[in-house]
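**Student:** Structure here, sequence nowhere to be found:
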């Protein structure tokens, strides 16, 4: 990682719960800082606050929180973020509309009709990411010499970008489209996904609609022909819909981040990690390619530090953060996929083969219908788990704290009004005791045990979380013909060390690597 002469360089991982900042200082020293990703009582943006603290400590100057930082001290910033990942997992994206060729308004709802559980009598359709659908009266078809359909009087022929000939049977009615788009805007929707048939090769209609939408004031317009110009309308449309759903959240974050610096970081090279493991300039960072931004950085990191060319033993990456857990495999080369499903949404975009499950340190604990349930809801960083001293709910972190598997003295003291207090074990035990009493009240008593203890309840939730995290590891190994027990488990992420041994034991793995 080359440094900038006389300047500070920063590598940042902004997770759903914690943000980690690595700094390379002008004198060659290295600094590492951890802070909450969301703490509105003390700061607006965690990466900016982390940079501010390191600059203060290293330069001896005071940089007030309410004033933008001086970017002349900074050489470059590289960041991976789970903003898009967590927005998709928790369905916290922007309200959006889908504009599609007339007659195909239910195309993305029908999807591919794939049934992962073939014999399941109750097939649950994934949630749609868009709120409304606009049908456009236009029609483009591929021109084929053997076509038996009668020619159209208004038909015109064009050669697409792929060399295929297309026939335009009906041009887009922009007057009607404008009226429909104004109606959507009046209902507060400012993000639009556009999917017109065969736009992967001939995108003129989509570009006309996109230009109109931008002129009318839509803040985000995701054309399927730009987001992912590939054949097959369903995955292309789903990817465009995800881009329209997530990009406004990324834009909001980037705007808040740059506002923390004078001149909006002009002159500073800012790069963001994409889902495929590569870096991209901030202006080109978009939702469809950002879903695995944070996890991809972890894959690149453990591939460089854990894999040995000498023995060639494959590695399973186990990245358990505060909101989600990401698992991946590295056997000497990065495994990429061109189409993958994340949080129930199929995306047609190049990305590292990473499986994400909504089980992390901040995953909430529930007792429903006699069952222990972990997640997918997360307490995040604000209010965070009960032990964060913000009135938050019970989470996996609280269960680990109650069992003594998490030591407050080794955890960052960033809690309380002064940001200097440790985790509050008493609050975790209080809420767990109340939940244990409710569980025992609904269970038939047998013997003289008097029901479950607080520790047994906490351990029950830990076992449920562990099994949820074992499933994607089996999908990456056993489902593809690999022997899980022959792998090394590379554990990282804030909560990974609390679960790594149990995960390895359940999967028959004998070696666990924990990074410093």
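**Tutor:** Looks like it arrived, so ask away. Everything quoted here is computed from the prediction, not taken from an experiment.

**Student:** which residues touch residue 316?
**Tutor:** 327, 328, 329, 473, 476, 477, 484, 487, 488, 489, 490, 509 (CB atoms under 8 Å, 6 or more residues apart in numbering). The way it works is simple: take the backbone N, C-alpha and C, and place the C-beta from them, glycine included.

**Student:** After the helix or strand hosting it, which helix or strand is next? Please name it.
**Tutor:** Using DSSP states H and E, residue 316 sits within strand 315-320. Sequence order places strand 325-330 as the next helix or strand after strand 315-320, per DSSP H and E.

**Student:** Measure how that following strand sits relative to strand 315-320, angle-wise.
**Tutor:** 170 degrees (axes from the mean of the first three to the mean of the last three CA atoms, to 10 degrees).

**Student:** Show the contacting residues for the most centrally placed residue in the chain.
**Tutor:** Closest residue to the average C-alpha location of the chain: residue 85 at 0.9 Å, with CA atoms, centre = their mean. Counting by CB under 8 Å, 6+ apart, residue 85 makes contact with 16, 291, 292, 293, 294, 295, 324, 342, 356.

**Student:** still on that earlier bit, if you look at the contacts of residue 316, which of them are in helices?
**Tutor:** Here DSSP state H is the test, and those give 473, 476 as lying in helices.

**Student:** right, and the pair among the contacts of residue 316 with maximum separation?
**Tutor:** The widest separation within those, taken as CB to CB, falls between 328 and 509 and amounts to 14.8 Å.

**Student:** quick check, distance from the helix or strand hosting residue 222 to the centre of its chain.
**Tutor:** With secondary structure defined by DSSP H and E, residue 222 is part of strand 220-223. From the chain centre to the centre of strand 220-223 is a distance of 20 Å (CA atoms, centre = their mean, to the nearest Å).

**Student:** contact partners of that strand?
**Tutor:** The contact list for strand 220-223 (CB under 8 Å, 6+ apart) reads 94, 96, 190-194, 199, 203, 206-207, 209-210, 213-214, 240-241, 243-244, 247-248, 251, 287-288.

**Student:** Sketch out the low-pLDDT regions of this structure for me.
**Tutor:** 1-4, 153-154, 444-450 (pLDDT under 70).

**Student:** Just the helices from it, written as ranges.
**Tutor:** Per DSSP H, the chain carries helices over the ranges 46-59, 83-89, 107-110, 174-186, 204-216, 224-227, 233-258, 293-305, 396-402, 425-441, 454-476, 500-507.

**Student:** Just put the ones you listed in a markdown table and tack on distance to residue 143.
**Tutor:** A markdown table is the format used below for the helices of the chain (distance: least, CB to CB, whole Å):
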| stretch | distance to residue 143 |
| --- | --- |
| helix 46-59 | 51 |
| helix 83-89 | 38 |
| helix 107-110 | 22 |
| helix 174-186 | 24 |
| helix 204-216 | 15 |
| helix 224-227 | 18 |
| helix 233-258 | 18 |
| helix 293-305 | 40 |
| helix 396-402 | 57 |
| helix 425-441 | 65 |
| helix 454-476 | 42 |
| helix 500-507 | 54 |
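
**Student:** Return the set of buried residues in stretch 501-513.
**Tutor:** 502, 503, 504, 506, 507, 509, 512, 513 (16 or more other CB atoms under 10 Å).

**Student:** Just give me how far that stretch sits from the chain centre.
**Tutor:** Distance, centroid of stretch 501-513 to centroid of chain: 26 Å (CA atoms, centre = their mean).

**Student:** Stretch 45-59 now?
**Tutor:** 25 Å.

**Student:** ok, and what's touching it?
**Tutor:** Contacts for stretch 45-59 (CB under 8 Å, 6+ apart): 8, 10, 12, 14, 19, 21, 23, 25, 29, 31, 33, 35-39, 42-43, 61-63, 65, 69, 73-74, 77, 79, 256-257, 260-261.

**Student:** Out of those, list just those in strands.
**Tutor:** Using DSSP state E, 8, 10, 12, 14, 19, 21, 23, 31, 33, 35-36, 74, 77, 79 are the members of the contacts of stretch 45-59 that sit in strands.

**Student:** Of the contacts of strand 220-223, just the buried ones, PyMOL syntax please.
**Tutor:** Remark: buried members of these, expressed as a PyMOL selection using 16+ other CB under 10 Å:
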select buried, resi 94+96+190+191+192+193+194+199+203+206+209+210+213+240+241+243+244+247+248+251+287+288
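
**Student:** Parallel or antiparallel, list what pairs with the strand holding residue 316.
**Tutor:** strand 325-330 (antiparallel), strand 488-492 (parallel) (DSSP bridges).

**Student:** and the angle for the first one with helix 454-476?
**Tutor:** Interaxial angle, strand 325-330 versus helix 454-476 (the same axes, to 10 degrees): 40 degrees.

**Student:** Against residue 442, how distant is the residue nearest to residue 285 when sequence neighbours are not counted?
**Tutor:** Closest residue to residue 285 apart from its sequence neighbours, by CB to CB, 6 or more residues apart in numbering: residue 272 at 4.4 Å. Counting by CB to CB, to the nearest Å, the gap between residue 272 and residue 442 amounts to 48 Å.
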